[in-house]
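**Q** Return a 3D structure for these sequence lines:
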Amino acid sequence: MPLRIEDYALIGDTQTAGLVGRDGSIDWLCMPRFDSGACFAALLGDERHGRWLIAPAGEVLEVKRRYRPGTLVLETELRTADGTVRLVDCMPPRERVPDVVRIVEGVSGRVPMRMELVIRYDYGRIVPWVVRWEGWLRAVAGPDGMTLQSPVETRGENFSTMADFEVAAGDRLPFVLSWHPSHELPSPTREPFAALDDTEAWWREWSDRAVAPEEWREPVVTSLIALKALTFAPTGGIVAAPTTSLPEQLGGVRNWDYRYCWLRDATLTLKSLLEAGYTAEAQAWRDWLLRAVAGSPSELQIMYGPAGERRLTELELDWLPGYEGASPVRIGNAAVNQYQLDIFGEVIDVLHEGRVFGIEANPFAWELQRALLDYLEGVWQEPDEGIWEVRGPRQHFTHSKVMAWVAMDRSIKAVEEHGLDGPVDRWRRLRAEIHDEVCREGYDAERRAFVQRYGSSDLDASLLMIALVGFLPASDPRVRGTVEAIERDLLEDGFVLRYRTSGQEAVDGLPPGEGAFLPCTFWLADNLALLGRGDEARRLFERLLGLRNDVGLLAEEYDARAGRQVGNFPQAFTHVGLINTARRLAGTGG
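**A** Purely as a prediction, here's the structure:
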């Protein structure tokens, strides 16, 4: 049986990432970049599709894991009848090529160990040519090359690299796996123990600077580290998750590639970093945004690659069976071609937050904002695919119109509060027009709630953003009624569904079924706090914290019936929600 999604932990070097299982196996590893093709894809197939296992040869009686405080250095202790070993995993901050450093430490007794290394390129499809080279193991195929360096003797067996060894108390045995372009000779690897120390010091220096609520400092800092790990450092882009096709419903078809940078994540991600004191990361993200969206406003995309790539063609990998049989496995994301009105609001809100927090001004930012607003004036009344990227026909989604209002509102503030130049009177008239239409067409008086789309009575968790973005105050009875309606109709075991997928096939374009959406549940906690229901908000927040795995990570969704995390992992948007709710509760005393 495959491990549960929550049985994995993240390692990364702010350019690429891997998932390490509780059993000592790295089952997902992308090198040299998130989107370049997985070297290990066991998570989406089986061990034949690539993995790197280092584990006791006998039965494991107990597993304990943790990150070294303030770092992304993972420790996994495995207790057996013969003794206990500790596996220390990290990816050192990038020099020229990515490395995975694994150190096996003897804690007690003398434990027989085994290693199995199955290298596969192109998402498990290509078996490399493996040779010994100057005492290293070298695996080459196409553009990719990898080397394994270790004092442990290895052997080839059934297109895999195997090793059997023992670890006694006090022993420390290193393994270093490095990627390199196949047309170049491998570069010398860093001394593994020094690399481990450097990695720990690098992360601690970074995390020690975090400004976080004292009561929830540990989960907030863990979430900030996850966001940092999902950063593509050369450009400043932040991907939604390091994985693809982890299902939103076990065995289902809602399996998407999240290794891209969504514009709608930008506002909350930027604010989270800024409020934590990380202005350099926030400015890098702002500058990535300006480069990525440069060009005609009519060509604005909802997502881009880590370096700003625009062509993210969706493909199905039919040779991979998928996580627990969930298929198809996808790379690329067809939603890149969707029209989503709300991203204009998100982008302009990002630029507004940067001004509020004093990010160094960039004159191109205001020029871009003016161009986006000019375009938005002519298209805001058109239907779109909405925040949830539905694969059915375009609709007039209420949330999309609210975010068009945000675009106008933040631009007016740029003139009123920051002295920038623009046709503020025209923007005020348009802001009022959008507000009036949303309140007229997007509100159902019988339900006493805002609804998912004009002319519908369906609810949608995105409506929880109405108060959070300032469209209406939480004290407005329409906001209160919407929150109460969502509590009645969209809760599953106390967690929030995005919307009811059953009966919405015509709108959604997909078969029904998915888990509760964790960012939306954080939004509910935020709304409860704003409504003066602080005790309930705190209880919900604590329940959400209880869903984190043993090293503090969260996926996109939660399957309450199965009691499991589902969706891509770890999910930046979820951790942003955690950070922002912790700050809101700390700020309100809720």
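**Q** The stretch 201-350 of the chain: helices as residue ranges?
**A** For the stretch 201-350 of the chain, helices defined by DSSP state H, counting those that start in this stretch occupy the ranges 217-229, 266-275, 279-293, 342-356.
**Q** ok, residues contacting stretch 178-191?
**A** For stretch 178-191, contacts defined as CB atoms under 8 Å, 6 or more residues apart in numbering pick out 31-32, 39, 92, 95-100, 133, 136, 138, 140-147, 149, 176, 198. Every residue, glycine included, has its C-beta placed from N, CA and C.
**Q** model confidence over it, on average?
**A** The predicted model assigns stretch 178-191 a mean pLDDT of 87.
**Q** longest strand anywhere in the chain?
**A** Determined from DSSP state E, the single longest strand within the chain is strand 99-118.
**Q** need the next SSE after it, C-terminal direction.
**A** As assigned by DSSP states H and E, the chain's next helix or strand after strand 99-118 is strand 129-133.
**Q** who does that following strand touch, helix- and strand-wise?
**A** In terms of contacts (3 or more CB pairs under 8 Å, 6 or more residues apart in numbering; DSSP states H and E), strand 129-133 is packed against strand 136-141.
**Q** how far does the strand it packs on sit from the chain's center?
**A** For strand 136-141, the separation from the chain centroid amounts to 31 Å (computed by CA atoms, centre = their mean, to the nearest Å).
**Q** Identify each buried residue in that strand, please.
**A** Under the neighbour-count criterion of 16 or more other CB atoms under 10 Å, strand 136-141 has 136, 137, 138, 139, 140, 141 buried.
**Q** from those residues, which two are the most distant?
**A** Greatest spatial distance in the buried residues of strand 136-141: 136 and 141, 16.5 Å, computed using CB to CB.
**Q** and the next element down the chain from the lowest-mean-pLDDT helix or strand in the chain?
**A** Ranking every helix and strand in the chain by mean pLDDT, DSSP states H and E puts helix 505-508 at the bottom, with a mean of 60. For helix 505-508, the following helix or strand on the C-terminal side (DSSP H and E) is strand 516-517.
**Q** So what are the sheet partners of that next one and their directions?
**A** In the sheet, strand 516-517 lines up against strand 557-559 (antiparallel) (DSSP bridges).
**Q** which parts of stretch 433-440 are buried?
**A** The neighbour-count check on stretch 433-440 (16+ other CB under 10 Å) flags 434, 435, 437, 438 as buried.
**Q** just how off-centre is it within its chain?
**A** In terms of CA atoms, centre = their mean, the centre of stretch 433-440 is set 33 Å apart from its chain centre.
**Q** same check, this time on stretch 330-342
**A** Offset of stretch 330-342 from its chain centre (CA atoms, centre = their mean): 16 Å.
**Q** Quick one: end-to-end distance for it.
**A** Start and end residues of stretch 330-342 are separated by 25 Å (CA to CA, to the nearest Å).
**Q** Show me the contact partners of it.
**A** The contact list for stretch 330-342, computed with CB under 8 Å, 6+ apart, reads 35, 123, 244-245, 255-258, 260, 264, 301-303, 310, 312-317, 379-380, 382, 384-387, 389, 391, 394, 397, 399-404.
**Q** are any of those buried, and which?
**A** Buried residues within the contacts of stretch 330-342, counting neighbours by 16+ other CB under 10 Å: 35, 123, 244-245, 255-258, 260, 264, 301-303, 312, 317, 380, 384-387, 389, 394, 397, 399-404.
**Q** Restricted to strands, list those.
**A** Mapping the buried ones among the contacts of stretch 330-342 onto strands (DSSP E) picks out residue 303.
**Q** that older thread, which pair of the buried residues of stretch 433-440 spans the longest distance?
**A** 435 and 437 (7.4 Å).
**Q** Mind listing what's buried along the longest helix anywhere in the chain?
**A** For the chain, the longest helix by residue count, based on DSSP state H, is helix 398-418. Buried residues in helix 398-418, counted by 16+ other CB under 10 Å: 398-412, 414-415.
**Q** cool, stretch 111-130 as well?
**A** Along stretch 111-130, these residues count as buried under the neighbour rule (16+ other CB under 10 Å): 111, 113, 115-125, 127-128, 130.
**Q** nearest to residue 23, of those residues?
**A** Of all those, residue 116 has the smallest distance to residue 23: 11.4 Å, by CB to CB.
**Q** what's the spacing between the closest one and residue 133?
**A** In this view, residue 116 and residue 133 are 21 Å apart by CB to CB, to the nearest Å.
**Q** re the thing from before, just to be sure, which of the buried residues of stretch 433-440 are found in helices?
**A** Checked against DSSP H, those include these in helices: 434, 435, 437, 438.
**Q** tell me the contacts of residue 586?
**A** Counting by CB under 8 Å, 6+ apart, residue 586 touches 213, 214, 215, 216.
**Q** And these, which is closest to residue 430?
**A** Nearest to residue 430 among those, with distances taken as CB to CB, is residue 213, at 37.8 Å.
**Q** ok, the closest one - contacts?
**A** Counting by CB under 8 Å, 6+ apart, residue 213 touches 220, 582, 583, 585, 586.
**Q** count of neighbours near the third one?
**A** Around residue 583 sit 20 other residues, with neighbours defined as other CB atoms under 10 Å.
**Q** ok, now the fourth one?
**A** Counted with other CB under 10 Å, the burial measure for residue 585 works out to 23 neighbours.
**Q** buried stuff in whichever strand or helix holds it?
**A** Counting by DSSP H and E, the element that carries residue 585 is helix 572-588. Buried positions in helix 572-588, judged by neighbour count with 16+ other CB under 10 Å: 572-585.
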